[in-house]
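In: give me the fold of what follows.
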Amino acid sequence: MTERADAIVVGAGPNGLVAAITLADRGWDVLVLEAEPTPGGAVRSGDLHPGYRYDRFSAFYPLSAVSPAFESLDLETHGLSWSRAPISVAHPLDAADEDAPAVHPDPAATAAALERFHSGDGERWLELYRMWERIREPLLGTLFGPFPPLRGPMKLLRELGSAEALRIARFLLLPANRMGQELFAGEAAKVLLLGNALHADVPPDAPISGAMGFLLGMLAQDVGFPVPVGGAGALTDALVRRLEAAGGRVECNSRVEGVTVEANAATGVRLADGRTVRARRAVLADVSAPALYEQLLPREVVPANVRTALEHFEWDTPVVKVNYALREKIPWQADTVRRAGTVHVGGDTTKLAKWHTQLAAGELPEHPFLLVGQMTTADPTRSPEGTESAWAYTHLPRGVADDASAEKIAERTDEQLERFAPGFGSRVVARTVQRPSDLERADANLVDGAVNGGTAQLHQQLVFRPVPGSSRPETPVGKLFLASASAHPGGGVHGVCGLNAARAALAQHGLGAPVRRGLNRAVAEVVWRSSKRR
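Out: The predicted model follows:
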C-alpha cells in the first residue's frame, strides 16, 4: 500500500522543519523525509571529547533571534533555551595588544571602547546604532519577506522620505571596505565592521558586503550572538518536538532519490529503499537548487532556461572547520577577547586585505582569517568549568576543496591561533578537522563545504536567486516548492526559506491561486529574457 501525506518535505534542516510546522499548523498531514540518521541539517551537535559538546556545523544564531519564522513557534515551551557570552564579538588587532575592539551588550560601552582607540569613533558608532534602530523593522522586513519585498521599502519611504531612503539604500550597497572608510577614522571600528562582513563569502570590495557587516554588527549589538543551551542540536530538537505537537512527523534514514511528476505537477517522491510516497497537495524541497533540478526531477520537466541558468550557479567558498577541546581557556592577551563568544582572528585591515587577495588568486593564505567560537564562554554547559569547547573555521579559495589543501589550511589555523594566543596548542586535549568533503558527506547540501546554499554575492541574490527570475519558492513544476537556502533570502539559520515555501504552498490552495501562478510565471519570464539580453 502506497503511503500518502498532504505534504512531503524533503530534508529536515531548519528550513524544512519550519515549512513542515507551518503546514501542520494549518491542519495539513505532513511527512518530513531526512536522508541522515538524525534531523537538523547543518544544525546538529556531537561529543568531541568526554565532557565536551561541540556544534558540528553552525553555532551562533543572531538571525534566529529576529526571524519571523521562529518568533511565533514558542520553541521555549518545547525545551529550547538560549545563552549568550558576556561579549558578542571581539577582533584583536595584534596578538600582543592588551585591549581589542569588541561589541559589548551596551552600545555606550562599545562606543567608549572604540573611543579609546580613536577619538570620534565612539560617537560615530552610536550614530550608526541609532540609524539601525530607525530602520531595523523595515530592513528586517525587506530581508525576510517573500519576494518581491514591498512592505519594508514602502515603510522606509513613508518614515524617512525619498532623499533619506536613497541615502540609506546607497549606504547598504557599499562594499565593506568603502563603508568602513566612510564611517570611521580608526582601525578598531573598521575591523569590527569588516570582520562581520567576512562571515559571508562576498568580497570586501564588492557591493552589499558592507550591508553584511552592518547587519551582523548591529545584531551583535542588538540581540547578541545567542547559542542554544546544550548545543546547536537543541534548536533542532525543539523544532522536531514542535512539529510533532502539531501532528507532523519526521522519518530519518529515508533518502529521497526523485520527485515523481505527472501532468507537470509533483505527485510525491521516490525513496532509495524503493518506496514511493504520494503527496496530495505539495512537495517542498529543503535541498540545494542544483540537487532539485539536476538530480531529483526528471530532466524533461525542467525548462531549458532553468537548466542553462544552473550551469552558472555559483557556490560559496569552501569551508574548513577545526574543532578543539581545551583543558583551559584560550590564552588571549586581551580580557575582552577572553569574554567574547565569537572572535575574529586575522589582524588589521591590511592583513585582512592580504588574506582576501590570496584567496582571490587561488592561493592558500599563509595567515588565514579565522572565525573562532568560544562555545563554553557562550554556554557553560558545553564543557567542564575552566575549560573551553572551541572551533575555528576559515575558507579555501573558490574551486579548491581537496583534502590535501584542507589539511594544510587546518595546520595554518593552528599556527594562527598560536600566533594570537601563545600557549594555545599546549592546552588542546582533542582536535578534529572537518574538510569540505567531510561537511558534504554529513550534509549533502554543503556541496564542497559551501555552507550558504550558494554565493551571497549580489549577482545571485534577490531576483537572481537561485537563477534569474526564480526568487520565489514556486518552481516550474506545479505543487513543488524550493524551501532551502538556495531560495531567497539565502543562507543563515532563520527558517524563512521554509516559511516562504510553506506560505506559497498554502496560497496555491486559496481562491487567488490561478492568478498568482500566472503572475509568477510572467514575472519569471520577463526577468529571464532581460538577463539573456544583457
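In: could I get the full set of strands for the stretch 1-150 of the chain?
Out: Applying DSSP state E, counting those that start in this stretch to the stretch 1-150 of the chain gives strands spanning 3-10, 30-33, 45-49, 52-55, 82-83, 87-90, 102-103.
In: how many other residues sit next to residue 76?
Out: Residue 76 has 10 neighbours, counted by other CB atoms under 10 Å. C-beta: built from backbone N, CA, C; applies to glycine.
In: please apply the same query to residue 161.
Out: Counted by other CB under 10 Å, the residues lying close to residue 161 total 11.
In: distance of it relative to residue 130?
Out: Distance, residue 161 to residue 130, using CB to CB, to the nearest Å: 17 Å.
In: now the strands of the stretch 1-150 of the chain as TSV including mean neighbour count?
Out: As requested, the strands of the stretch 1-150 of the chain are arranged in TSV below (neighbours: other CB atoms under 10 Å):
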stretch	mean neighbour count
strand 3-10	23
strand 30-33	26
strand 45-49	19
strand 52-55	24
strand 82-83	18
strand 87-90	28
strand 102-103	29
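In: show me where the stretch 351-500 of the chain dips below the pLDDT cut-off.
Out: 470 (pLDDT under 70).
In: who wins for proximity to residue 301 among the strands of the stretch 1-150 of the chain?
Out: Residue 301 lies closest to strand 3-10 among the strands of the stretch 1-150 of the chain, at 16.1 Å (CB to CB).
In: mind giving me the packing neighbours of the closest one?
Out: helix 14-25, strand 30-33, strand 265-271, strand 276-285 (3 or more CB pairs under 8 Å, 6 or more residues apart in numbering; DSSP states H and E).
In: quick check: end-to-end length of stretch 255-269?
Out: Taking CA to CA, to the nearest Å, the first and last residues of stretch 255-269 lie 10 Å apart.
In: buried residues of that stretch, list them for me.
Out: Residues of stretch 255-269 classed as buried by neighbour count (16 or more other CB atoms under 10 Å): 256, 259, 260, 261, 266, 267, 268, 269.
In: one more: stretch 394-403?
Out: Neighbour count says stretch 394-403 has 394, 395, 396, 397, 398, 400, 401 buried, by 16+ other CB under 10 Å.
In: tell me the contacts of the first one?
Out: This means residue 394. Contacts of residue 394 were listed using CB atoms under 8 Å, 6 or more residues apart in numbering, and they are 319, 320, 365, 368, 369, 370, 371, 409, 413.
In: pretty sure the fifth one contacts residue 345?
Out: Yes. Taking contacts as CB atoms under 8 Å, residue 369 lies within contact range of residue 345: 7.1 Å.
In: the two - which one has more neighbours?
Out: Counted by other CB under 10 Å, residue 369 and residue 345 do not tie: residue 345 has more neighbours, with 25 against 21.
In: list the contacts of the residue nearest to the more buried one when sequence neighbours are not counted.
Out: Nearest residue to residue 345 in three dimensions, chain neighbours excluded: residue 370, at 4.1 Å (CB to CB, 6 or more residues apart in numbering). By CB under 8 Å, 6+ apart, the contact list for residue 370 reads 343, 344, 345, 346, 392, 393, 394, 413, 416, 417.
In: what residues does the host helix or strand of the last one touch?
Out: Here residue 417, judged by DSSP states H and E, is contained in helix 403-420. The set of residues that contact helix 403-420 without belonging to it, under CB under 8 Å, 6+ apart, is 92, 95, 318, 320, 322, 330, 332, 345-346, 364-368, 370, 372, 392, 394, 396, 424-425, 433, 435-437, 449.
In: the closest residue to residue 84 other than its chain neighbours: what's it in contact with?
Out: With CB to CB, 6+ apart as the criterion, residue 84 has its nearest non-adjacent residue at 4.4 Å, and that residue is residue 224. Neighbouring residues of residue 224 by CB under 8 Å, 6+ apart: 62, 65, 84, 85, 88, 105.
In: how close does the first one get to residue 70?
Out: Yep, that's residue 62 we're talking about. Going from residue 62 to residue 70 by CB to CB gives 12 Å.
In: overlap in contacts, these two.
Out: Counting by CB under 8 Å, 6+ apart, residue 62 and residue 70 have no common neighbour.
In: the closest residue to residue 40 other than its chain neighbours is in what secondary structure piece?
Out: Spatially, and ignoring its direct neighbours in sequence, residue 40 is nearest to residue 236 (3.6 Å; CB to CB, 6+ apart). Element membership for residue 236, per DSSP H and E: helix 233-245.
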